[in-house]
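Enquirer: Quick one, structure for this:
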Amino acid sequence: MAMVSDPAPDRGTSPGKWNCAAGRCAPPSKTGCGTSPGGSGCAGEQIAPPPESRRDAPIGVFDSGLGGLTAVRELRRLLPGEDIIYFGDTGRVPYGTRGADIIVRYAKQDIAFLLEQNVKYIMAACGTVSSTLPKAYTDTLPVPYTGVVQSAAEAAVRATQTGRIGVIGTPATVQSGSYHAAIAALLPAAHITATACPLFVPLVENGYFNADNAVTRMVARDYLRDIRAAGVDTLILGCTHYPLIAPILADLMGPDVTLIDPGRETAHAARKALSAAGLLREGAGGTAQYYVSDSTESFARLSDWFLGDYAGGPVTRISVDAYNVE
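Expert: Down below sits the predicted model:
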């Protein structure tokens, strides 16, 4: 079981920390340097940390709630030497039924918090954010960033034998067309069937993910009707919450359908990206710290299911509402 605590978040400007005191994050810089998002501080005075220092920095992961822990589990398995800082916005979950402007604001606040922790890499372990946050914004971030859509689309294209691919996700993810665009770019002849599944996230967040749960099975059977009728041979679980109900989904879809876990696929992509950038920390002994915006006790209890053998680590309650983002 994870340890829990509820201190207020540190927004100081101590050396080596990202400056988010004004709600906008800037890299560590000398006193008086600017604090615009993605800025370079005082002209000519920004000092890039040495590669060794950057390599030892943690990986930042965020999600609207608990679902991103499925990606954390895979990261801890693949990268046992890496430290991970996870933020689950459990006080504002779900994101997937909200408007795009709200999703973008929430995501920017989540990222501001992670940058304040001096992370070296950010993973949006959330299909909704990955489908909604503009590339024009993520391209300005001062550390490498990845969502979950591209890696999942690539895995689906590799897996399909018939070109018939199903996608399930939150309403915002499905409406964005992000998976459709990513798959079509890789396999123009693909036949894609997508269905929004708004009840899956609250069901999982409330612990309704056992394989024999009658309520979740009934909901899933209804959601999967069109996808099953389309005869897909590959199904993207387009939200990181959904792998927790994969046994139910697999049973309903049948043994001939391959399920694609975006968190797992993106964790593999993260390993490659960190290695290519010289940021990969080899070995073992990595730690995990968890931050949430609601009850730490509830998170600690349910996170054991998500993390499996990699459960454990301190859990702290924070608020990101005060970050002023544009």
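
Enquirer: Can you report how many residues neighbour Arg92?
Expert: 17 (other C-beta atoms under 10 Å). In short, each C-beta sits where N, CA and C put it, glycine included.

Enquirer: Check what pLDDT the spatially most central residue of the chain gets.
Expert: Nearest to the geometric centre of the chain sits Ala125, at 1.0 Å (C-alpha atoms, centre = their mean). At Ala125, the pLDDT value in this model is 96.

Enquirer: you'd agree it is up against Asp261?
Expert: No. The pair Ala125 / Asp261 is not scored as a contact, 11.2 Å apart, by C-beta atoms under 8 Å.

Enquirer: one step back: find the residue closest to the residue nearest to the centre of the chain in space, skipping its chain neighbours.
Expert: Gly68 (3.2 Å; C-beta to C-beta, 6 or more residues apart in numbering).

Enquirer: same question, Leu133
Expert: Ala107 is the one closest to Leu133 (C-beta to C-beta, 6+ apart), at 4.9 Å.

Enquirer: before we move on, what about Leu75?
Expert: Per C-beta to C-beta, 6+ apart, closest to Leu75 is Ala267, 4.8 Å.

Enquirer: Surely the one you found is in contact with Ala71?
Expert: Yes. Contact criterion C-beta under 8 Å: Ala267 and Ala71 qualify, at 5.6 Å.

Enquirer: what do these two both touch?
Expert: Shared contacts of Ala267 and Ala71 (C-beta atoms under 8 Å, 6 or more residues apart in numbering): Met123.

Enquirer: who's more crowded, the two?
Expert: Ala71 (30 against 27).

Enquirer: Would you state the helices of the protein in chain order?
Expert: In the chain, the helices defined using DSSP state H lie at 51-56, 69-78, 100-116, 127-132, 135-138, 149-159, 171-176, 178-186, 200-205, 214-223, 225-229, 246-253, 262-276, 296-307.

Enquirer: what's the second one in contact with?
Expert: Around helix 69-78, the neighbours that count as contacts under C-beta under 8 Å, 6+ apart are 59, 61, 63, 82, 84, 86, 88, 123, 125, 148, 240-241, 243-244, 261-264, 266-268, 270-271, 286, 288, 303, 306-308, 310.

Enquirer: quick one: contacts for Ser151?
Expert: With C-beta under 8 Å, 6+ apart, Ser151 has these contacts: 262, 265-266, 268-269.

Enquirer: Could you find the closest non-adjacent residue to it?
Expert: Glu265 (4.0 Å).

Enquirer: tally of neighbours for the one you found?
Expert: Glu265 has 23 nearby residues by other C-beta under 10 Å.

Enquirer: For it, give its distance to Val157.
Expert: 11 Å (C-beta to C-beta, to the nearest Å).

Enquirer: Asn213 and Ile248 touch, don't they?
Expert: Yes. Between Asn213 and Ile248 a contact is recorded at 7.3 Å, counting by C-beta under 8 Å.

Enquirer: My guess is Thr316 contacts Tyr291. True?
Expert: Yes. Counting by C-beta under 8 Å, Tyr291 is a contact partner of Thr316 at 5.2 Å.

Enquirer: Compare these two (neighbour count), which wins?
Expert: Counted by other C-beta under 10 Å, Thr316 and Tyr291 do not tie: Tyr291 has more neighbours, with 24 against 18.

Enquirer: Nearest spatial neighbour of that one, chain-adjacent residues omitted?
Expert: Phe87 (4.6 Å).

Enquirer: so what's the one you found up against?
Expert: Contacts of Phe87 by C-beta under 8 Å, 6+ apart are 60-63, 110, 113-114, 290-293, 318, 320.

Enquirer: Give me the buried stretch members for stretch 64-82, please.
Expert: 64-76, 79, 82 (16 or more other C-beta atoms under 10 Å).

Enquirer: typo on my end, it should be stretch 210-223
Expert: 213, 216-217, 219-220, 223.

Enquirer: neighbouring contacts of that stretch?
Expert: So stretch 210-223 is contacted by 168, 195, 197, 199-200, 203, 208-209, 245, 247-249, 251-252 (C-beta under 8 Å, 6+ apart).
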